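Colleague: A structural model of the following input is requested.
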Amino acid sequence: VEDIESLPEPVDVIISEWMGYFLLRESMLDSVIVARDRFLRPGGALYPSHCTVYLAPCRTPLAMQRANELSNAMNNWDRFSSDIQ
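Modeller: A predicted model of the protein is given here:
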């Protein structure tokens, strides 16, 4: 949509499936905003026009293992950087 300069006339409705993983993962929101700003007539409709993100903390054994691996790697890096000084 970024490559299209203009349409014969403004549009009444834009329908787009811009939501990816976690709503923004596929980075389509920018294209929808460009299309809205360039082509949608004043008072026109954009569908979907709203979204809601629900988050909930969770803990799994794999997540705990990865967090521990990261923590250990960072501790090792701290020791390495202090050893070379």
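
Colleague: which stretches of this structure have low pLDDT?
Modeller: 23-24 (pLDDT under 70).

Colleague: how far is the top helix by length along it from where the chain is centred?
Modeller: Ranked by residue count and defined by DSSP state H, the top helix of the chain is helix 61-83. Relative to its chain's centre, helix 61-83 lies at 28 Å (Cα atoms, centre = their mean, to the nearest Å).

Colleague: what helices or strands is that helix leaning on?
Modeller: Applying 3 or more Cβ pairs under 8 Å, 6 or more residues apart in numbering; DSSP states H and E, we find helix 61-83 packed against no helix or strand. Quick note: C-beta positions are derived from backbone N, CA and C, even for glycine.

Colleague: gap between Ile33 and Pro8?
Modeller: From Ile33 across to Pro8, the span is 22 Å (Cβ to Cβ, to the nearest Å).
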